[in-house]
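In: Got a predicted structure plus its sequence, pasted below:
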Amino acid sequence: MPPSTRSRHRLRAQVVASVDAPDRLYPHLGQLFANMPTLGASPSLIMRRLRGLGIALPGRREPLRAIDLGCGPGGVAVALAKTLRMDVVGIDGCPAFIDSARELATAAGVSDRCAFVATSLEIFTRSRALHRDYDVALMLNVWPAMRAARATRAFVRIGGVYVIDDAVRDPACDDRAWRRVPTLEHVSERIAQLGDEVLDARVLARPAMAKVEAALQKQLAINARRLARREPALADTLREFVRGQQEAAGLLEGPLRGAMWIVQRGA
Ligand SMILES: C[S@@+](CC[C@H](N)C(=O)[O-])C[C@H]1O[C@@H](n2cnc3c(N)ncnc32)[C@H](O)[C@@H]1O
């Protein structure tokens, strides 16, 4: 059954909110984020950490099965397939990102190991039949950490691993305005209460984060200028959007830190 108009509107609102864009830019998200394999996640860091933990040992006969919830343009999913030889499913509510992810997989020569599906995460994560048989599940920069932890752990087998990414409060920040944002340790404690083992929890080093962010911001500014030339009526909206993105990135240099958890599912 096709999704109702209401749920399509809701999904569209969730997608634009997750990339901090106004609704007017929804039809242009593919162009706006062109040539950007990820929207914040660092595939090389994730591959290094998974390898370091022995989760994807080379020489395994059977490929591990992974699922990336909110995969965006597919950079992490394709890296899992190419670098760690996993069979990967990527789910995202933005059809333009799913198109980009498929193109990326084809260009990387791993389209046979990747399947990308355009659908709502709310609907997908409720479809119980699909749950629990993945070795690795990821949700990177989509839902707040604990919501992401609950959603991803439901997809992995006992002993499987889930990876989540979110911004946390820098413990050095005691500004009242940010007190409600949890610290890395707070999230780790709450994950442990789910009965799972946090194998790795880390705030991302500021120089490395700054490098990733600078590259994203540079490409975004190029794409926005290109789009503004094609759609002059959007010029002000695009300028405002780029400024907002830069401001958000600046928070990671101040009260917030990018963080990542790799967790082994218990019972
Ligand atoms: C900030 S981006 C992160 C993309 C990718 N995980 C990364 O880190 O590069 C958030 C992604 O979540 C997707 N998304 C947000 N809400 C969603 C929902 N309710 N259902 C499906 N996808 C959603 C957006 O389309 C977008 O691709």
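Out: Nice, I can see it.
In: so how far is the first residue of stretch 66-74 from its last?
Out: Distance between the two ends of stretch 66-74: 13 Å, counting by CA to CA, to the nearest Å.
In: ok, which stretches of the stretch 151-267 of the chain are helices?
Out: Taking DSSP state H, counting those that start in this stretch as the test, the helices found in the stretch 151-267 of the chain are 184-192, 206-230, 235-251.
In: Next up, the contacts around residue 75.
Out: Residue 75 is in contact with 36-38, 41, 43, 104, counting by CB atoms under 8 Å, 6 or more residues apart in numbering. Glycine gets a C-beta too; all of them are placed from N, C-alpha and C.
In: quick one on the thing from earlier: which among the helices of the stretch 151-267 of the chain is found nearest to the ligand?
Out: With respect to the ligand, and counting by CB to the nearest ligand atom, the nearest of the helices of the stretch 151-267 of the chain is helix 206-230 at 9.3 Å.
In: Touching stretch 92-100 from outside, list them.
Out: Defining contact as CB under 8 Å, 6+ apart, one finds that stretch 92-100 is touched by 11, 14-15, 29-30, 33-34, 70-74, 90, 101, 116-121.
In: For residue 7, find the nearest of the helices of the stretch 151-267 of the chain.
Out: Counting by CB to CB, residue 7 lies closest to helix 235-251 out of these; the figure is 25.5 Å.
In: just to revisit the earlier point, for residue 140, find the nearest of the helices of the stretch 151-267 of the chain.
Out: helix 206-230 (12.2 Å).
In: just how off-centre is that closest one within its chain?
Out: 17 Å (CA atoms, centre = their mean, to the nearest Å).
In: Counting by contacts, list what it packs against.
Out: Taking 3 or more CB pairs under 8 Å, 6 or more residues apart in numbering; DSSP states H and E as the contact definition, the neighbouring helices and strands of helix 206-230 are helix 29-32, helix 235-251, strand 256-264.
In: What residues does the chain have near the ligand?
Out: 11, 14-15, 18-19, 38-41, 70-72, 92-94, 97, 120-122, 140-142 (CB under 6 Å from any ligand atom).
In: Lowest-confidence member of the contacts of residue 75, which is it?
Out: By pLDDT, residue 41 ranks lowest within the contacts of residue 75, coming in at 91.
In: tell me, how many neighbours does that one end up with?
Out: Residues within reach of residue 41, counting by other CB atoms under 10 Å, total 24.
In: coming back round to it: just the buried ones out of the residues of the chain next to the ligand, please.
Out: Among the residues of the chain next to the ligand, the ones that count as buried by 16 or more other CB atoms under 10 Å are 11, 14-15, 18-19, 38-41, 70-72, 92-94, 97, 120-121, 140-142.
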